[in-house]
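Undergrad: requesting a structural model of the entry that follows:
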Amino acid sequence: MPHETALIATIALGLASAFLGGLIATRLRLPPLIGYLLAGVAVGPFTPGFVADSGLAGQLAEIGVILLMFGVGLHFSLRDLLSVRRIALPGAVAQIAVATAFGVGVAKWWGWSLGEGVVLGLALSVASTVVLLKALEERGILDSADGRIAVGWLIVEDLATVLALVLLPALAGLLGGEAAAGGGSLLVTIAITLGKVAAFLAIMFVAGRRLIPWLLDLAVSTGSRELFTLGVLAVALGIAFGSAALFGVSFALGAFFAGVVISESDLHYRAAADALPLQDAFAVLFFVSVGMLFDPSILLREPVKVLTVVAIVLFGKSLASFLIVLVFRYPVSTALTVSASLAQIGEFSFILAGLGFSLGLLPAEGQSLILAGALISITLNPFAFLAIDPLQRWVRARPRLAALLERPSGVLSELPEGVDEHRLKNHAVIIGYGRVGSVIGQAFEEPGIPYVVVEQNREAVTLLRGRGLPVIYGDAAVPEILKHAHLESARLLVMAAPDPVQGRRIVELARQANPDIDIVVRTHSDAEREYFERQGVGHAVMGETELARGMTRYALRSFGVDPEAAAS
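TA: Below is the predicted model:
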C-alpha cells in the first residue's frame, strides 16, 4: 500500500544533512550551528537537489522553538541575574535600544518601513545563548565576574525578546504590518494582550507551581523513566499549545514559563536531562528550517546590505556595549569581554525574524540578511575573543588612553576606611572572591591571617564591604589596583579568578612588585598549569585534577586501601 513519506523524508534528510554539516563545521573548528544552518540551505528551495517540505519543516521548527524556550526557562537563574543587575539590566536595555536604532536607520536608508526597521534592529540586538556559553566555557571564564556579567546581560536580552514576542502582534498594525484581529484602538489591543499575559502568568505561578511539580512527582513515584520523560514533554508542549489557544500567548512564551516553573522544583535537573535529547534534535530541525529560508544569492545581489548587517552586529552593537560598560565604570577587560560575547546573533534573532515575516513586518529579503549576518558573525566570533588580550595590551601601552578608559572607581578602588595600611605586611592578596576565593578567605579568617581581596564585581564589592571585609574593586591586571593591595609587602598571592589570560598578566605584575612573593594559581588546562610552573609559581591547581584526586582518595579508602601507600 502507498505511504505518505513527506514527514519522514523531511525529518530524515534534515537530521542527516545537519549531522554532516555539524561534523564538518566542528572539524573546521566552527560552531556546529553553522553546519546546521548550511544543511538547511542545502535542502532548501534556493539550491538544486532535494527540497524538503517547507510547511512540515515549519511545524517541526515550532516544536524546536518550544523546546528551546523550555530549556531556557529550565536554566533561568534569577539569582545570577540579580547578582549583576546593576550593569546587566540597564546595559542590555541600552544596547538593545542602540542596535534597534541602527536597524531603523539602515532600513530608512534602504527604503524600508519603520516596522521593518524595528524588527531588523531587534533581531540584530540579540546574541545567541548557545554560542555565548560555548565561547565562555572554552576560555574558562564562565564563572568569572566578566562571564557572569555577560551571561546576565544575555538573560536580560532573552527576557526583552520574550516581551517583544508578546507585543509585536499587538503593535503590528501601528508599525505597518497586519493589524491584530478584531480591530479597536491600539491602547485597547495592548491592554487586552497584556491582560491575557498577566492572566496566564497568574495561573502559572499560582496553580502551575503546585500542580506541575505534583504531576512530575507522581510520575517519579511510578518508577518509570519513560513516564517521567513523557510528563516533561507533555508539560512543555501542552502548556505552550494551551497558552496560545486559550490566552493568545505565543508558543515561545508559554514554553519559557513552563520551564521557569519546573526550574523551581527539585526535579528540574532530571527534567532538563530527560528533555535534552529531544530538545537538541528538534532545535537542530529548527536551525535547518531557518537555513531553508536563506537565499544564498543575496550575497551576490545585495553585498552592501549584507556587509551593513554584519557591521552592525560585529562593530555597531559591540562598540555600544563596550562604551556602556565603561560608563558604568567597569574595567576595560570587562568591557572587551562583554563586547566580544555579544558580537554575534543566533536563535532568538531567527524567532523574531520569523514572527516579523508572518506579521508582514519583515520582507523575505530581511530574513536572508539576518541569516547571513548570523552565519558570518558566528563564524568570526572566536576571533573577537582572540582580540581581547592584544587590545588590552594596546590600551595599557598608551597611558593617557588607559587613564581615560580605566576611570578611577572612587573609594571602591582603594582599601576601605578602618584598614591600617601601615600594618598590612605578610598578608595574602586574593584575586576574585567567587566560589573558590570566598572559601579561601573564610579559611584565612579563623587563624587570623590578614588578607586583601581584589574583585571586579561592583555589587559584590559593595556587599562584602558591608560585611567589613577588606575588598578593592577593579581589574587586578592594572598596576594601580594591585598597588592599593600592597602587593610589595604581601607574602602570598592567590589567583582564584578563572581567567587564564588575566592570570598571566597578574603573575607578571606580581613578580615585578615583589620578586619573593609566593603564588598559587587556579588553572583550567594542563598547558596553563605547565606555563605557570615554568614561571616559578608556588602551586598551580587544575580544578578537574584536584577533584579527581579527592574522589580517588575516598574511593581507595572505601576498599580499605591507604591512599598515601598507593601513591608511593
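Undergrad: quick one: residues in contact with stretch 465-477.
TA: Stretch 465-477 is contacted by residues 331-334, 392, 406, 409, 412-416, 418-419, 431, 433, 441, 451-456, 458, 461, 464, 480-482, 484-485, 497, 502, 505-506, 509 when judged by CB atoms under 8 Å, 6 or more residues apart in numbering. C-beta: built from backbone N, CA, C; applies to glycine.
Undergrad: same check on stretch 12-32?
TA: Residues from elsewhere that reach stretch 12-32 (CB under 8 Å, 6+ apart): 33-40, 42-43, 50, 52, 57, 60, 130-131, 134, 281, 284-285, 287-289, 378-379, 381-382.
Undergrad: any idea how far that stretch is from the chain center?
TA: Centroid displacement of stretch 12-32 relative to its chain, using CA atoms, centre = their mean, to the nearest Å, is 22 Å.
Undergrad: convert that stretch to PDB, retaining C-alpha atoms only.
TA: Extracted in PDB, the C-alpha atoms of stretch 12-32 (Å, rounded to 0.1, in the frame of the first residue of the first chain):
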ATOM      1  CA  ALA A  12      15.400  12.000   7.900                       C
ATOM      2  CA  LEU A  13      17.100  14.300   5.400                       C
ATOM      3  CA  GLY A  14      17.000  17.200   7.700                       C
ATOM      4  CA  LEU A  15      18.800  15.400  10.500                       C
ATOM      5  CA  ALA A  16      21.200  13.600   8.200                       C
ATOM      6  CA  SER A  17      22.300  16.800   6.400                       C
ATOM      7  CA  ALA A  18      22.500  18.600   9.800                       C
ATOM      8  CA  PHE A  19      24.700  15.800  11.200                       C
ATOM      9  CA  LEU A  20      27.100  16.000   8.200                       C
ATOM     10  CA  GLY A  21      27.100  19.800   8.300                       C
ATOM     11  CA  GLY A  22      27.700  19.900  12.000                       C
ATOM     12  CA  LEU A  23      30.500  17.400  11.700                       C
ATOM     13  CA  ILE A  24      32.300  19.300   9.000                       C
ATOM     14  CA  ALA A  25      31.900  22.600  10.900                       C
ATOM     15  CA  THR A  26      33.300  21.000  14.100                       C
ATOM     16  CA  ARG A  27      36.300  19.700  12.100                       C
ATOM     17  CA  LEU A  28      36.900  23.200  10.800                       C
ATOM     18  CA  ARG A  29      36.700  24.500  14.500                       C
ATOM     19  CA  LEU A  30      33.500  26.300  13.800                       C
ATOM     20  CA  PRO A  31      30.300  26.100  15.900                       C
ATOM     21  CA  PRO A  32      28.100  23.200  14.800                       C
END
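Undergrad: can you map out the strands along the stretch 451-568 of the chain?
TA: Here the stretch 451-568 of the chain has its strands, by DSSP state E, counting those that start in this stretch, at 451-455, 471-473, 492-495, 518-523, 539-542.
Undergrad: over to the stretch 301-450 of the chain?
TA: Listed in chain order, the strands of the stretch 301-450 of the chain (DSSP E, counting those that start in this stretch) span 428-431.
Undergrad: shaky segments in it?
TA: 406-411, 418, 420-423 (pLDDT under 70).
Undergrad: ok so, going back, tabulate the strands of the stretch 451-568 of the chain (a markdown table), appending mean pLDDT and mean neighbour count.
TA: Below are the strands of the stretch 451-568 of the chain laid out as a markdown table (pLDDT from 0 to 100; neighbours: other CB atoms under 10 Å):
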| stretch | mean pLDDT | mean neighbour count |
| --- | --- | --- |
| strand 451-455 | 90 | 25 |
| strand 471-473 | 88 | 25 |
| strand 492-495 | 90 | 24 |
| strand 518-523 | 88 | 22 |
| strand 539-542 | 83 | 16 |
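Undergrad: then Ala273 would be within a helix, right?
TA: Yes. Assessed with DSSP: H, G, I helix; E, B strand; the rest coil, Ala273 lies in a helix.
Undergrad: tally of neighbours for it?
TA: 11 (other CB atoms under 10 Å).
Undergrad: now do Ala340
TA: Ala340: 28 surrounding residues under other CB under 10 Å.
Undergrad: Thr5 now?
TA: Neighbours around Thr5, by other CB under 10 Å: 9.
Undergrad: wait, what's in contact with Gly40?
TA: Counting by CB under 8 Å, 6+ apart, Gly40 makes contact with Gly14, Ser17, Ala18, Phe287, Val288, Ser289, Val290, Gly291, Met292, Leu293, Phe294.
Undergrad: what strand or helix carries the last one?
TA: Which is Phe294. Here Phe294 sits in a region with no helix or strand, counting by DSSP states H and E.
Undergrad: go ahead and confirm it touches Gly44.
TA: Yes. With contacts counted by CB atoms under 8 Å, Phe294 reaches Gly44, the gap being 6.8 Å.
Undergrad: between the contacts of Gly40, which sits nearest Ala555?
TA: Closest approach to Ala555 among those (CB to CB): Ala18, at 40.0 Å.
Undergrad: got the phi and psi for Thr47?
TA: The phi and psi values for Thr47, taken as degrees, to the nearest 10, are phi -130, psi 150.
Undergrad: for it, what are its contacts?
TA: Val41, Pro296.
Undergrad: equivalent analysis for the one 10 residues further on, please.
TA: Listed by CB under 8 Å, 6+ apart, the contact partners of Ala57 are Thr10, Gly14, Leu285, Val288, Ser289, Met292.
Undergrad: out of those residues, who's the most crowded?
TA: In terms of neighbours by other CB under 10 Å, those top out with Val288 at 31 neighbours.
Undergrad: for Phe328, see how far away it is.
TA: Distance, Val288 to Phe328, using CB to CB, to the nearest Å: 40 Å.
Undergrad: helices of the stretch 451-568 of the chain, start to end?
TA: Assigned by DSSP state H, counting those that start in this stretch, the stretch 451-568 of the chain shows helices spanning 458-466, 479-484, 500-513, 526-534, 543-558, 563-567.
Undergrad: worst average pLDDT in those helices?
TA: Taking each of these in turn, the lowest mean pLDDT turns up on helix 563-567, with a mean of 66.
Undergrad: what's the pLDDT at Asp80?
TA: At Asp80, the pLDDT value in this model is 66.
Undergrad: cool, and the one 3 residues further on?
TA: Predicted confidence (pLDDT) at Ser83: the value is 71.
Undergrad: how far away is it from Ser318?
TA: Per CB to CB, Ser83 is found 24 Å from Ser318.
Undergrad: which one of the two has more residues nearby?
TA: Neighbours were counted for Ser83 and for Ser318 using other CB under 10 Å; Ser318 has more, 24 against 18.
Undergrad: mind listing what the more buried one touches?
TA: Ser318 touches Ser339, Ala340, Leu342, Ala343, Ala384, counting by CB under 8 Å, 6+ apart.
Undergrad: tell me the most buried of the helices of the stretch 451-568 of the chain?
TA: Of the helices of the stretch 451-568 of the chain, the one with the most neighbours on average (mean count of other CB atoms under 10 Å) is helix 500-513, at a mean of 20.
Undergrad: pretty sure Pro479 contacts Leu509?
TA: Yes. Applying CB under 8 Å, one finds Pro479 in contact with Leu509, separated by 5.8 Å.
Undergrad: ok so, going back, so which of the contacts of Ser318 are in helices?
TA: Among the contacts of Ser318, the members found in helices (DSSP state H) are Ser339, Ala340, Ala384.
Undergrad: the first one: neighbouring residues, count only.
TA: It stands for Ser339. For Ser339, the neighbour count with other CB under 10 Å is 26.
Undergrad: likewise the one 3 residues further on?
TA: Here the number of neighbours of Leu342 (other CB under 10 Å) works out to 31.
Undergrad: just give me how far stretch 84-92 sits from the chain centre.
TA: Centroid separation for stretch 84-92 versus its chain: 14 Å, with CA atoms, centre = their mean.
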